[in-house]
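Peer 1: Next come a sequence and a model predicted from it.
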Amino acid sequence: MGIMIPEERFYTRQRNGRTERRKGFSKPDKLMTGITEINDDNFDAEVSGSDAPVLLDFWAEWCHPCHMIAPEVEAIAEAESSRLKVGKLNVDNSPNTAGRFGVFSIPTLLLFVDGEEKARMVGVRRREAILEEIQPFLAAPATA
């Protein structure tokens, strides 16, 4: 008898017209509210055309460190929603954009302001370290 893996560690997805049962940490198609799925097709509209700074998480579903940093990115998306747009780009599905910005290691976080890269963070980091890096590029929160 082999090692038993809890059922919640699996998900199914459609790929190439087939249903696959995959082991993983989360469902890759399920993004948290407040996080935009970015890909090769919508990058220019969602990132270059954004009025707010954009923190873009380059990741892949097979990347364990990417799943480690995901809760930190999600917390930033929730806490900074008034000043920052947060997106995730799967490098397996969007290799052109990853190549365009020289993303060779994941996870990589890029901060874009007015469509230009202003900060780059490679590897797993805590929320505080990410915020410290991007804080100088964020506008002060609007006060009522």
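Peer 2: Structure received.
Peer 1: Only C-alpha atoms from now on, for both contacts and neighbour counts.
Peer 2: OK.
Peer 1: any idea how far Arg126 is from Asn90?
Peer 2: In this view, Asn90 and Arg126 are 21 Å apart by Cα to Cα, to the nearest Å.
Peer 1: Which of the two has more residues huddled nearby?
Peer 2: Asn90 (19 against 12; other Cα atoms under 10 Å).
Peer 1: And the pLDDT for that one?
Peer 2: Predicted confidence (pLDDT) for Asn90: 97.
Peer 1: Show me the beta-bridge partners of it.
Peer 2: Per DSSP bridges, residues listed as beta-bridge partners of Asn90: Trp59.
Peer 1: From Met121, how far out is it?
Peer 2: Taking Cα to Cα, one finds Asn90 at 16 Å from Met121.
Peer 1: where do the strands sit along this protein?
Peer 2: For the chain, the strands defined by DSSP state E cover 10-15, 18-23, 35-38, 54-59, 85-90, 108-113, 116-122.
Peer 1: From the contact counts, what lies against the fourth one?
Peer 2: Using 3 or more Cα pairs under 8 Å, 6 or more residues apart in numbering; DSSP states H and E as the contact criterion, the neighbours of strand 54-59 among helices and strands are strand 85-90, strand 108-113.
Peer 1: now, of the strands of the chain, which is deepest in the fold?
Peer 2: strand 54-59 (a mean of 25; mean count of other Cα atoms under 10 Å).
Peer 1: next one: that one to chain centre, how far?
Peer 2: Distance, stretch centre to chain centre, for strand 54-59: 4 Å (Cα atoms, centre = their mean, to the nearest Å).
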